[in-house]
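Undergrad: Give me the fold of what follows.
(2 chains)
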Amino acid sequence: MMSATRLAGTLIPAMAFLSCLRPESWDPYVQATVLSAEDTAVSKSVKPCNWVAPNITYQCVELKFYEIVGNISTSVKTLDLSFNALRCLGNHSFSSFPELQVLDLSRCEIEMIADDAYQGLNHLSTLILTGNPIRSLGVGAFSGLSSLQTLVAVEINLASLEVLPLGHLKTLKELNVAHNLINSFKLPEYFSNLTNLEHLDLSNNNIQNISHRDTQVLRQMPAFKVALDLSLNPLDFIEPGAFEKIELRELTLRSNFNSSDIMKTCIQGLAGLRINRLVLGEFKNERIIPNLDKSALKGLCNLTTEEFRIAYFDDFPEDDLGFLDCLANVSTISLVNLRLRRLGAPPKDFKWQNLKLTRCYLKHFPILELAFLKEFVFTNNKGISLFTDIDLPLLEFLDLSRNDLSFKGCCHHNDFGTTRLKHLDLSFNDVITMSTNFVGLEQLEYLDFQNSKLKQASAFSVFLSLKNLLYLDISHTNTRVAFRGIFKGLVSLQVLKMAGNTFEDDFLPNIFTDLTNLTFLDLSDCQLEQVSQEAFGSLPKLQLLNMSHNNLFSLDILSYKHLPLQILDHSFNHIVAAKSQELQYLPSSLVSLNLTQNEFACVCEHMGFLQWVQDHRNLLAGAEQMMCAKPFEMQGMSVLSFRNATCQMSKTIISVSVLSVLVVSVVAVLVYKFYFHLMLLVGCKKYGRGECTYDAFVIYSSQDEDWVRNELVKNLEEGVPPFQLCLHYRDFIPGVAIAANIIQEGFHKSRKVIVVVSHHFIQSRWCIFEYEIAQTWQFLSSHAGIIFIVLQKLEKSLLRQQVELYRLLSRNTYLEWEDSVLGRHIFWRRLRKALLDGKSWSPEGTEDAESSHHEATTPI
Amino acid sequence: MKGLTAAFLVWTLLSLEGGSSQAWPTHTACKDGGLEVLYQSCDPLQDFGFSVDQCSRHLKSNLSIRFGMILREDIKELFLDVSLFSEGLSILSYSYPICEEDLPKFSFCGRKRGEQIYYAGPVNNPGFDIPKGEYQVLLKLYNKNNPMVACANATVICS
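TA: Below is the predicted model of the structure:
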């Protein structure tokens, strides 16, 4: 199993490398021809390059170019040809592009670069050749590159620096030959010409030994100029004296040594080196020295360095101070990711000015009394619970963040032994109890407590003496602001971050009275429900205000009216809408307003606000993400999709429909009311009684004459339409027999017969006589029907005396007189209708109507 | 088993220069002890090789992984976004800085565009038992300049 893993481990890089060589690449070289824009007509099948900036920056990545073609302007300055299959660069390959400054040829399968390949590129400053399996490099391959500053020759199968013909590149500043096969550190003679060289990256090569001879050229190079990276080379031995009297800017040696002993000899081999910065250490995933011995770093005593950094030694020996003794005169020291566990007290006269201790797995807070220390960074050292006082009289910068430390009393100049402190970072720690208000620390300009648990911060004016403070962060510190004088004294403060805290009653009062210089205020995530109108009244310079992630229901614009705000964030609240009349008071300086993630009601009530949103979408950050929460059918839709037209539309619809309903009902009422007038009007031309003089002959008992005169005659003859009734007391011709009158005047000249049935009617013989004649008449002449009006409720026994009448009344519809307003109304309408029925609208109609009526009323 | 994964890696790397439009094939990162991890590259530009040694339902801490690809970006800075989904619901997502400019943690940090990287070594993970089920993991490597240095859609089947 293990062998399989190893096999895979070795095979994979090899195979991957091989995979980059195409079978065709074994064929004799095909000369790459370089064509400029003028020549592109030749190659129509080739995809064009993307230009990022026209005529200046072109990207031709992975376009399957076998030659440099395409739509490239001759004035191109940056040309990215990476991931093409160029294979071979002939001479003057790029002469068409004399303005080139950056040329990227990463992984172009280039195996050969001919002499003068880059000739003419006098402005080229960066040449990238990463990942090309170069096998042949002409002696004049890089000739002409008179301005080249950066050459990246990473992973180009380079076996030796000697092969690179770089001697003439006097302007070269950075040479990166990492990830190659170089096995000798012998710097060729030509390096002495590279007087501008600042950075030489030889990491991830195969250098094992460094001898005195190899470094000869380094001595001829300018002092303290070159930074040298030798990381990931399997160094075995550095000859003592190899670095004697060499002056470097920087030397990096990470993951170079296989064992503690090798490391010891190699570091001793650095004796005599003078350097600005020395970086030692390992990578987490590479060459980890088992059981690092504390003597391994003893050799550091023999070299001189300004700055010393050491990182990622997982197995660092538990040692009092050990190697640090050799570094007494170093000014900057960084110890990062070392399993130090314990750090003894460095003597007071150490010249350290900057000290950084990060992830050092210390068990106790170090005892520090350094006379020269100006900057102390102590972060990510979990496992220490209590801060103990330090005495650093020159300290200006103190970063104690991310340690889970507790502070029993904060903060007083005695805690740190300095009155010069300007920067104090106590963020991401445990409980910090505020006991004094920064006595002796008046110089503070930066103060950060975020994500630590502050206690008693709102009990008194904690920051009263910090008149020079510019930056204060108390975000997420479990602070509950109850005391209004909490920020008293912060007259210079420019930035205040207090997100993730709470306020008494979830109400923001004016606690910012002294902060007249404040430009940045973060009040997000404070569970605020209400904000005082005067809350921001004393902040005449406020430019950014973050009120997001609160519980605000409205956007109170009036309180921002006089602020020079540029950015206002009200996202993640419960804002339904803003008052449209207030929107005009938004500060004119505003460039970004964030209202996303609120609960907007996209209803016509807030039409003004919604219209404003659509008109100001450039001002609103993420306007597309502003979603409606109400009404249900708009839920999850963008506020921008709300159409005001729908509001106007529905208004019109509502008004039109109300109006039409009104009109229709008025018309209906009118039609009802003037039904008979209308009938008259419509039928006026055809209306006539035909041959009849009367509309109806009324048969009634003389006992009911009052009713007939006062009601019947009055209503029918004086109403609309006026009916002409035949009444015996008025229309019978005197001197003629009653019977003859009945026949002649009554039945003969009347279209209909109205029978007024009452007690008296049944008892009256004349009436019965008349009625019977009416019936007979109805038979004989195909004339009008009989309309029964029952004046009073009749007793059945009485009615039975007149069998025929009884049968008729029980089978036919009759009118019943009712002495109530509604009853009368209905009665008269029915009667009028009955009288109109069969009236001679037209001669044909009359007959039809009459005959049909005839049938209907004569079931006897 | 490991031979198989190794073969997979080799094959993946061999096919690195394939076309760019088609979807990449699904590979097996490990299949052992009731756990199967499949992945597919979601970077349209390239596929990559990845495997986990000793995978099992009882996940060990500091797993050994292997990873190989050809970089499309410089990785002086590199960040990883991991999102875990189960049945379409997001369970967990976090960001993690892999490479930082100052004193980088891993040896591949600072590698150049066009350079091939191969990482075989431990990852700093806690050991835990994976609950039974099927999970989707979305891994994205990115840096400041480019939103995608590498991308993988992985499926973890635990039975």
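
Undergrad: hey, where'd the helices end up in chain B?
TA: For chain B, the helices defined by DSSP state H cover B:2-14.

Undergrad: Could you report the distance from the residue sitting furthest away from the middle of chain B to A:T74?
TA: Ranking residues of chain B by C-alpha distance from their mean position (CA atoms, centre = their mean) puts B:D102 at the top, at 24.1 Å. Here B:D102 is placed at a distance of 41 Å from A:T74 (CB to CB, to the nearest Å). Placement of C-beta: from N, CA and C, glycine included.

Undergrad: What of B:E87?
TA: When CB to CB is the yardstick, B:E87 and A:T74 sit 58 Å from each other.

Undergrad: Could you check which of these two is surrounded by more residues?
TA: The neighbour comparison of B:E87 against A:T74 (other CB atoms under 10 Å in any protein chain shown) goes to A:T74, with 13 against 9.

Undergrad: Verify the stated contact: that one with A:F97.
TA: Yes - applying CB atoms under 8 Å, one finds A:T74 in contact with A:F97, separated by 6.1 Å.

Undergrad: Surely A:Y446 is in contact with A:L421?
TA: No - contact criterion CB under 8 Å: A:Y446 and A:L421 do not qualify, at 9.6 Å.

Undergrad: between those two, which one's more packed in?
TA: More neighbours surround A:L421 than the other of A:Y446 and A:L421, with 25 against 18 (other CB under 10 Å).

Undergrad: Now do the more buried one against A:F65, distance only.
TA: According to CB to CB, A:L421 stands 60 Å off from A:F65.

Undergrad: In the stretch 551-700 of chain A, mark out all the strands, start to finish.
TA: In chain order, the stretch 551-700 of chain A shows strands spanning A:567-569, A:592-594, A:600-601, A:620-621, A:628-630, A:694-699, with DSSP state E, counting those that start in this stretch as the criterion.

Undergrad: Reformat those into JSON lines and put distance to A:I575, mean neighbour count and mean pLDDT next to each item.
TA: Formatted as JSON lines, the entries for the strands of the stretch 551-700 of chain A read as follows, by distance: least, CB to CB, whole Å; neighbours: other CB atoms under 10 Å in any protein chain shown; pLDDT from 0 to 100:
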{"stretch": "strand A:567-569", "distance to A:I575": "12", "mean neighbour count": "21", "mean pLDDT": "94"}
{"stretch": "strand A:592-594", "distance to A:I575": "11", "mean neighbour count": "19", "mean pLDDT": "93"}
{"stretch": "strand A:600-601", "distance to A:I575": "7", "mean neighbour count": "22", "mean pLDDT": "88"}
{"stretch": "strand A:620-621", "distance to A:I575": "13", "mean neighbour count": "19", "mean pLDDT": "89"}
{"stretch": "strand A:628-630", "distance to A:I575": "10", "mean neighbour count": "19", "mean pLDDT": "86"}
{"stretch": "strand A:694-699", "distance to A:I575": "76", "mean neighbour count": "25", "mean pLDDT": "82"}
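
Undergrad: Can you check which of these gets nearest to chain B?
TA: strand A:620-621 (20.2 Å; CB to the nearest CB).

Undergrad: Run through who's touching that closest one.
TA: Outside of strand A:620-621, the residues that reach it under the criterion CB atoms under 8 Å, 6 or more residues apart in numbering or on different chains are A:D569, A:S592, A:L593, A:N594, A:L595, A:T596, A:V613, A:M626.

Undergrad: Wait, the first one touches A:L552, no?
TA: Pointing back at A:D569 there. No - the criterion here is CB under 8 Å, and A:D569 misses it with A:L552 at 11.6 Å.

Undergrad: So for A:C411, what's the pLDDT?
TA: Here, the pLDDT recorded for A:C411 equals 89.

Undergrad: any idea how far chain B is from it?
TA: Spatial separation of A:C411 from chain B under the definition CB to the nearest CB, to the nearest Å is 28 Å.

Undergrad: Going by contacts, tell me the helices and strands next to the helix or strand containing that residue.
TA: Under DSSP states H and E, the secondary-structure element containing A:C411 is strand A:407-412. Secondary structure elements in contact with strand A:407-412, counted by 3 or more CB pairs under 8 Å, 6 or more residues apart in numbering or on different chains; DSSP states H and E, are strand A:431-439.

Undergrad: Packing partners of the strand it packs on?
TA: Counting by 3+ CB pairs under 8 Å, 6+ apart, the elements that strand A:431-439 packs against turn out to be strand A:407-412, strand A:453-455.

Undergrad: gap between the two ends of stretch A:579-597?
TA: Stretch A:579-597 has its terminal residues 18 Å apart, counting by CA to CA, to the nearest Å.

Undergrad: Pull out the buried residues from that stretch.
TA: Taking 16 or more other CB atoms under 10 Å in any protein chain shown as the basis for neighbour counts, the residues of stretch A:579-597 that come out buried are A:E582, A:L583, A:L586, A:P587, A:L590, A:L593, A:N594, A:L595, A:T596, A:Q597.

Undergrad: Next, the contact list for the last one, please.
TA: Contacts were defined as CB under 8 Å, 6+ apart; by that measure A:Q597 touches A:S571, A:F572, A:N573, A:Q625, A:M627.

Undergrad: now swap in the third one and tell me
TA: Contacts of A:L586 were listed using CB under 8 Å, 6+ apart, and they are A:I557, A:Y560, A:L593.
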